[in-house]
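J.: next input, structure requested:
(one chain, ligands or ions: 2)
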Amino acid sequence: MLPLFFLATIVVASQGLDLGPTHQIHLLRPQAGSRGDPVPDVSCLSWRLVVETRNIIGWATVPQECEGYVGHYMLGHQYRKDSKVVVKEALVYARSLKVTGDGKDVWIFDIDETTLSNLPYYAENGFGAEPYNATSFKQWVLKGQAPALPESLKLYKKLLSLGVKVVFLTGRTEDQRSVTAANLKRVGCHTWEKLILKGSSYRGQTAVVYKSSERKKIEKNGYRIIGNIGDQWSDLMGTNTGNRTFKLPDPMYYIN
Ligand SMILES: *[C@@H]1O[C@H](CO)[C@@H](O)[C@H](O)[C@H]1NC(C)=O
Ligand SMILES: *[C@@H]1O[C@H](CO)[C@@H](O)[C@H](O)[C@H]1NC(C)=O
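T.: Ligands and ions are numbered 1, 2, ... in the order given. Predicted coordinates for the structure are as follows:
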């Protein structure tokens with residue numbers, strides 16, 4: 001019975017190919033729910049795509065009707081799967097380079113939603129659908145309990161083993177240095193070339209301006225920025241962005 005069934009399937013499939021323009025087109029069924037269920041509100045998937053491709057910028061909150069969708073995306077498998085593919089490509093690229101071993105090849109890592117995950121906080125605060133609350137977010141950061149984004153931790157470790165130095169460049173402010181360093185160590189990031197936090201001289205400046213300026217300093221000091229990974233476009237735009245940039249997903253918030 002079984003071989004016959006397979007044969008029939010193959011015949012049908014190849015006929016389907018030969019028929020060219022008349023072959024059937026099946027609607028894509030987006031499977032981004034926590035259990036792989038089709039998501040009823042497909043427009044939230046479109047919203048996420050448009051956000052990730054930076055066609056919508058400067059948005060303050062996730063649309064109310066997409067809170068459930070973003071929550072399922074973040075806590076379900078899709079966020080992790082997407083992150084995994086990004087990191088896989090970053091590693092393919094890193095391995096293709098001739099790392100000189102002179103200690104001057106660096107990779108920039110953003111911290112929030114890149115190295116560390118604030119998902120435990122956002123899961124209790126509407127996944128970005130509620131207005132940003134600086135007070136409660138700061139309270140969360142000061143706990144120093146953010147878990148690692150596992151895919152980024154893997155990239156971090158592999159890069160170190162390839163002889164690439166890591167520079168953390170974060171929008172977290174200078175007064176959060178010790179808690180941030182302790183949090184990084186807690187999740188397994190024990191070493192870095194630099195940990196750059198936003199100093200008071202950059203107060204009121206966009207992340208693009210601040211991060212570009214700090215990357216320029218890094219290059220002035222003789223380092224080569226071979227790669228750069230972050231969840232925000234503002235981590236990856238501006239000047240001195242590095243030879244290649246890698247954008248991790250983040251449908252929860254937007255930083256200029
Ligand atoms: C922001 O968070 C703080 C600390 O949890 C809370 O007291 C305050 O009410 C929140 N503000 C708003 C507007 O929700
Ligand atoms: C990286 O970028 C710099 C500056 O644009 C360039 O000089 C260098 O050749 C690039 N390196 C690689 C490996 O592409």
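J.: contacts only, for the nearest residue to Val87 once chain neighbours are set aside.
T.: In this structure, Val87 finds its nearest non-sequential neighbour in Glu151, 4.3 Å apart by C-beta to C-beta, 6 or more residues apart in numbering. Where you see a C-beta, it was placed from the backbone N, CA and C, and this is true even at glycine. Applying C-beta atoms under 8 Å, 6 or more residues apart in numbering to Glu151 gives the contacts Arg80, Ser83, Lys84, Val86, Val87.
J.: what does Arg186 give?
T.: Residues near Arg186 by C-beta under 8 Å, 6+ apart: Gly144, Gln145.
J.: and the pLDDT for it?
T.: As predicted, Arg186 sits at a pLDDT of 98.
J.: how about the secondary structure of the residue nearest to Val87?
T.: helix (DSSP: H, G, I helix; E, B strand; the rest coil).
J.: re earlier: among the contacts of Glu151, which ones are buried?
T.: Ser83, Val86, Val87 (16 or more other C-beta atoms under 10 Å).
J.: give me the subset of those residues touching ligand 1.
T.: Among those, no residue lies close to ligand 1 (C-beta under 6 Å from any ligand atom).
J.: on that earlier part again, can you redo the contacts of Glu151 as CSV with distance to Ile56, secondary structure and pLDDT?
T.: Formatted as CSV, the contacts of Glu151 follow (distance: C-beta to C-beta, whole Å; DSSP: H, G, I helix; E, B strand; the rest coil; pLDDT from 0 to 100):
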residue, distance to Ile56, secondary structure, pLDDT
Arg80, 24, helix, 98
Ser83, 21, helix, 98
Lys84, 25, helix, 98
Val86, 20, helix, 98
Val87, 25, helix, 98
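J.: make CSV out of these and add distance to Lys143.
T.: Compiled in CSV, these are given as follows (distance: C-beta to C-beta, whole Å):
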residue, distance to Lys143
Arg80, 23
Ser83, 23
Lys84, 27
Val86, 27
Val87, 26
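J.: any idea which of the buried ones among the contacts of Glu151 is closest to ligand 1?
T.: Ser83 (28.3 Å; C-beta to the nearest ligand atom).
J.: isn't the closest one up against Asp250?
T.: No. With contact defined as C-beta atoms under 8 Å, Ser83 does not reach Asp250; the gap is 9.9 Å.
J.: and the strand of greatest length in the chain, what's its mean pLDDT?
T.: When every strand of the chain is counted residue by residue (DSSP state E), the longest turns out to be strand 165-173. Averaged over strand 165-173, pLDDT sits at 98.
J.: good, we can wrap up now.
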